[in-house]
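Engineer: What would the 3D arrangement of this be:
(4 chains)
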Number of protein chains: 2
Amino acid sequence: MEDIDMTLANQLCFSMYRASRLFIKFYQQALQPFGLTYPQYLVLLALWEEDRQPLHSLGEQLDFGSNTLTPLLKRMERKGWLTREVVSSDHRQLIIQLTETGRSRKTEIFESIRICVRQQEIDPDDYRDLVARNHILIATLEKMLH
Amino acid sequence: MEDIDMTLANQLCFSMYRASRLFIKFYQQALQPFGLTYPQYLVLLALWEEDRQPLHSLGEQLDFGSNTLTPLLKRMERKGWLTREVVSSDHRQLIIQLTETGRSRKTEIFESIRICVRQQEIDPDDYRDLVARNHILIATLEKMLH
DNA sequence: TCCAATTAGATTGCGTACGATTTAATTTAC
DNA sequence: GTAAATTAAATCGTACGCAATCTAATTGGA
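Structural biologist: Residues are numbered from 1 along each chain as shown, chains lettered A, B, ... in the order given. Alright, predicted model coming up:
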């Protein structure tokens, strides 16, 4: 009836789904004091790496469309993390920029997460291995979804 | 500033998040002809394994609360996949049971997914490895979230 | 027995995800 | 130079996830 391949795919998909939800729940604990959700934290990570990015560029990095980002960024703007500013040379684009708060709370937020992460007892090599394998899987899945 | 541990945790969490979303998107393609979403497919998988389960038992397997399952199961009932029947001996419980459609379309659904999965070119050993490593990670995360 | 604690499911509210469409601005092709 | 194509965001609608709360049914101990 069912291939071994498919049972494996089912297991892998579910296991990814479970791990992702648990990891996010874990992060939410550390982020809660700042009123941040995990997707919002991802936006901060991207902006700490490179500030003043247009919306679509953030979307490419996180694989979010404007339908996800627009309301998310509006919430973050309302809470004072960033600003959304129309580009004068191209009125279609929106430049996302960190506020002083958004920049300065980085250390604090990292420290809060670090405290939670430290309690994990996972071998760094296992981490690296999972990341590497996931990258391969992600590349394959992206190719398939063309 | 930031530990190597935390950067790794960030990378792993994001990579899980990405992989999970892509995998689900991949499954949705195969499930679309049946009007099923991935979480709904998970419910079917659980019921194909063991029919006539109470709601909370499904919840334990999938780690969903009633706040997620109640509306999801109502949608599946409306579409004719299953029935929700109050237990006469305990009026608090709801037994979830597959309809004839829910049972009989299993082969068809599996075949649709199998066709999509076959196109993947992933080494079964890599699959198994990812599943095993995720299981360890999931156990660790569950322990941490107490 | 009877009432406090527990359990099961439903409800509310908020924040994603994402397919599909819309609107507005810019590019391009002729 | 201008109409068609493209691009960027926004909007709309549906379906999760999940924290918090509520309601109703059952259980268990004094």
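
Engineer: three-state assignment of residue A:120?
Structural biologist: coil (DSSP: H, G, I helix; E, B strand; the rest coil).

Engineer: Could you double-check that residue A:85 sits in contact with residue A:91?
Structural biologist: No - using Cβ atoms under 8 Å, residue A:85 is not in contact with residue A:91; the gap is 11.4 Å. All C-beta atoms are positioned from the backbone trio N, CA, C, and that covers glycine.

Engineer: Looking at those two, which is more packed in?
Structural biologist: residue A:85 (12 against 8; other Cβ atoms under 10 Å in any protein chain shown).

Engineer: so which helix or strand takes in the more buried one?
Structural biologist: If you go by DSSP states H and E, residue A:85 is part of strand A:82-86.

Engineer: repeat for residue A:43
Structural biologist: Residue-wise, residue A:43 maps onto helix A:38-49 under DSSP H and E.

Engineer: Ok, residue A:77 next?
Structural biologist: helix A:66-78.

Engineer: That helix close to DNA strand C?
Structural biologist: Yes - judged by Cβ under 7 Å from any atom of the strand, helix A:66-78 and DNA strand C are in contact via A:66-68, A:71-72, A:75.

Engineer: For residue A:128, give its distance to DNA strand D.
Structural biologist: Distance, residue A:128 to DNA strand D, using Cβ to the nearest atom of the strand, to the nearest Å: 25 Å.

Engineer: next one: residue A:58
Structural biologist: Distance of residue A:58 to DNA strand D, computed by Cβ to the nearest atom of the strand: 8 Å.

Engineer: wait, what's in contact with that residue?
Structural biologist: Applying Cβ atoms under 8 Å, 6 or more residues apart in numbering or on different chains to residue A:58 gives the contacts A:43, A:46-47, A:64, A:69, A:96.

Engineer: what's the distance between the spatially most central residue of chain A and DNA strand D?
Structural biologist: Centroid-nearest residue in chain A: residue A:42, 3.3 Å away (criterion: Cα atoms, centre = their mean). Distance check for residue A:42 against DNA strand D: by Cβ to the nearest atom of the strand, it reads 16 Å.

Engineer: again with residue A:100
Structural biologist: Computed with Cβ to the nearest atom of the strand, the distance linking residue A:100 and DNA strand D is 22 Å.

Engineer: for stretch A:49-63, how far is the first residue from the last?
Structural biologist: Taking Cα to Cα, to the nearest Å, stretch A:49-63 runs 17 Å from one end to the other.

Engineer: buried sites along that stretch?
Structural biologist: A:53, A:55, A:58-59, A:62 (16 or more other Cβ atoms under 10 Å in any protein chain shown).

Engineer: Now the residue lying closest to residue A:18 once chain neighbours are set aside: which helix or strand?
Structural biologist: Leaving aside its chain neighbours, residue A:18 sits nearest to residue B:138 (5.4 Å; criterion: Cβ to Cβ, 6 or more residues apart in numbering or on different chains). Taking DSSP H and E as the criterion, residue B:138 maps to helix B:124-144.

Engineer: does any bit of the lowest-mean-pLDDT helix or strand in chain A sit next to DNA strand C?
Structural biologist: When each helix and strand of chain A is scored by mean pLDDT, DSSP states H and E, helix A:124-144 comes last, with a mean of 88. No - taking Cβ under 7 Å from any atom of the strand as the criterion, helix A:124-144 and DNA strand C are apart, separated by no less than 11.1 Å.
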